[in-house]
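I'd like to go over a predicted model; first the sequence, then the structure.
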Amino acid sequence: MPPVSHETPLILPSLLAADWSRVGDEVRRAEAAGARWLHLDVMDGAFVDNISFGPQMVGVVRQCTSMFLDVHLMIHRPDHYLERFLKAGADNITIHVEARYDTSVEATLRRIREAGIQCGIALHPDTPFDAALPYADMIDLLLVMTVVPGFGGQPFMEKETMPKLAAARAHRDAHGLKYHLEVDGGIYAHTAPIAKKHGANLFVCGTSFFGPAEASAAMSELTSAVA
């Protein structure tokens, strides 16, 4: 799949909100609706207060689609589990600065990059952009969580997160960097434009995409909102 510019807006359906009893059909429904990237939230029940799925699910999804798989590791010790997600077929792996590591954030990012795929950093709503600065020149993607990670259906935290997103954009542009700016949490047709105004180009949409019966209509509405 051709690379996507950090200036190109994309809607990323989030598998967390799909019907897991028919995962293959849901993945194909997203692709048929026009999705180019698919977002997969991995939760361990320790870093966040919820458990979702692991590398086996990523591998199943990989068998169903050629879409770009954007894997978000909301887990402790992502460096310990990294090889499993690489083998499963992730195209981008995003890790949290707040997680515990056997090695370090920097070493883990380097391992992801050396494996030939893209890498990202994610920030909890309470974490300032400064926490990502040591890695800004190493990443392809910066994910600003716009809800407290762990559960879908939460309201968009505009006041807490948009200044951070704007700061990330300003730093990127001032230093000639190319990382994507991704938002995840409470993204609907009325909130996505707010995030776009502050610099986002990747919009993770769970309930707003998989909730409606017609995925194509949902994709059209969301895409129009960030055009």
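It's in.

switch to C-alpha atoms for all contacts and neighbour counts from now on
OK.

low-confidence ranges, this protein, go.
Low-confidence segments of the chain, defined by pLDDT under 70: 1-2, 152.

looking at it, which helix is longest?
Longest helix in the chain by number of residues, with DSSP state H as the criterion: helix 158-174.

direction included, what does the helix or strand following that one pair up with?
Counting by DSSP states H and E, the next helix or strand C-terminal to helix 158-174 is strand 180-184. Neighbouring strands of strand 180-184 in its sheet, by DSSP bridges, are strand 141-145 (parallel), strand 202-205 (parallel).

which of those is buried the deepest?
Per residue and on average, the most neighbours among the strands paired with strand 180-184 fall to strand 202-205, with a mean of 28 (mean count of other Cα atoms under 10 Å).

next, format the strands paired with strand 180-184 as JSON lines and append distance to Arg110.
Formatted as JSON lines, those follow (distance: least, Cα to Cα, whole Å):
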{"stretch": "strand 141-145", "distance to Arg110": "14"}
{"stretch": "strand 202-205", "distance to Arg110": "23"}
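
which of those sits closest to Gly24?
Gly24 lies closest to strand 202-205 among the strands paired with strand 180-184, at 18.1 Å (Cα to Cα).

and Lys164, what is it in contact with?
With contact set as Cα atoms under 8 Å, 6 or more residues apart in numbering, Lys164 has these partners: Pro128, Phe129, Val144.

which residue ranges form the strands in this structure?
Per DSSP state E, the chain carries strands over the ranges 10-13, 37-43, 68-74, 92-96, 118-123, 141-145, 180-184, 202-205.

Ala218 versus Arg29, what's the distance?
Using Cα to Cα, to the nearest Å, Arg29 is found at 12 Å from Ala218.

more neighbours, these two?
Neighbour count, other Cα atoms under 10 Å: between Arg29 and Ala218, Ala218 has more, with 20 against 16.

ok, now which ones touch the more buried one?
With Cα under 8 Å, 6+ apart, Ala218 has these contacts: Ser208, Phe209, Pro212.

in helices, which of those residues fall?
Mapping the contacts of Ala218 onto helices (DSSP H) picks out Ser208, Phe209.

closest to Thr223 out of the contacts of Ala218?
Nearest to Thr223, judged by Cα to Cα, of the contacts of Ala218 is Phe209 at 10.8 Å.

what sits against the closest one?
Pro13, Ser14, Ala215, Ala218, Met219.

any of these buried? List them.
Using 16 or more other Cα atoms under 10 Å as the burial test, the contacts of Phe209 include Pro13, Ser14, Ala215, Ala218, Met219 as buried.

save the residues you listed as JSON lines, and put in distance to Ala174 too.
Below are the buried ones among the contacts of Phe209 laid out as JSON lines (distance: Cα to Cα, whole Å):
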{"residue": "Pro13", "distance to Ala174": "30"}
{"residue": "Ser14", "distance to Ala174": "31"}
{"residue": "Ala215", "distance to Ala174": "38"}
{"residue": "Ala218", "distance to Ala174": "35"}
{"residue": "Met219", "distance to Ala174": "32"}
